[in-house]
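> coordinates only, sequence not included:
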């Protein structure tokens with residue numbers, strides 16, 4: 001029997017040291033080690049981000065952070081990951097749905113914009129995101145900006 005998934009959304013200032021270490025360890029494992037990309041993984045945005053954690057049996061299995069988009073006009077989410085041992089189980093979709101619900105609840109009416117890795121364009125399109133930029137390199141990895149179309153067709 002699979003253990004249930006628990007979800008927490010926590011500001012950085014309320015994370016315990018072990019929780020923060022668990023998050024940073026997972027992020028570095030995915031974004032620095034797996035993707036072979038040396039960059040400043042922990043950044044200033046972490047100071048004010050909300051950390052979305054999905055856990056199974058108390059262990060982190062998926063993560064993202066909620067934060068204002070760099071353009072200052074949108075909210076967004078980033079550092080989206082599913083730990084290697086939990087991939088292929090639908091947790092990525094569950095995580096994005098959790099992020100979107102949290103943004104709608106905590107920042108009602110705010111448009112949503114993300115910087116998506118280009119290979120995930122179709123995945124994010126399945127949630128209603130549309131590209132609003134050409135593909136560009138961010139830390140050597142192809143990305144594109146995508147905006148979630150709202151019910152009125154506005155971005």
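Good, I have the coordinates. Quick caveat: nothing in here was measured; it's all calculated off a predicted structure.
> what comes up buried for the lowest-mean-pLDDT helix or strand in the chain?
One helix or strand of the chain scores below all others by mean pLDDT, DSSP states H and E: strand 136-138, with a mean of 91. For strand 136-138, the neighbour count (16 or more other CB atoms under 10 Å) marks no residue as buried. All C-beta spots, glycine's among them, are computed from the backbone N, C-alpha and C.
> C-terminal to it, what's the next element?
Following strand 136-138 in sequence order, the next helix or strand is strand 141-148 (DSSP states H and E).
> about what we covered before: who are the packing partners of the least confident helix or strand of the chain?
Packed against strand 136-138 by the contact rule (3 or more CB pairs under 8 Å, 6 or more residues apart in numbering; DSSP states H and E) you find strand 141-148.
> show me what the longest helix anywhere in the chain is in contact with.
Using DSSP state H, we find that the single longest helix of the chain is helix 91-106. Identification of contacts with helix 91-106 by CB atoms under 8 Å, 6 or more residues apart in numbering yields 5, 7, 9, 50, 52, 54, 61-64, 66, 75, 77, 80, 82, 110, 112, 123-124, 127, 148.
> pull out the buried members of those residues.
Buried among these (16+ other CB under 10 Å): 5, 9, 50, 52, 54, 61-64, 66, 75, 77, 80, 82, 110, 112, 124, 148.
> where in this structure is pLDDT low?
Flagging of the chain using pLDDT under 70 yields the residue ranges 1, 150-155.
> which single strand of it contains the most residues?
strand 59-68 (DSSP state E).
> which other residues reach that strand?
Residues contacting strand 59-68 (CB under 8 Å, 6+ apart): 5, 9, 22-23, 26-27, 45-46, 48-55, 74-83, 85-86, 91-92, 94-96, 98-99, 102-103, 106.
> out of these, list just those in helices.
Reading helices off those with DSSP H, I get 22-23, 26-27, 91-92, 94-96, 98-99, 102-103, 106.
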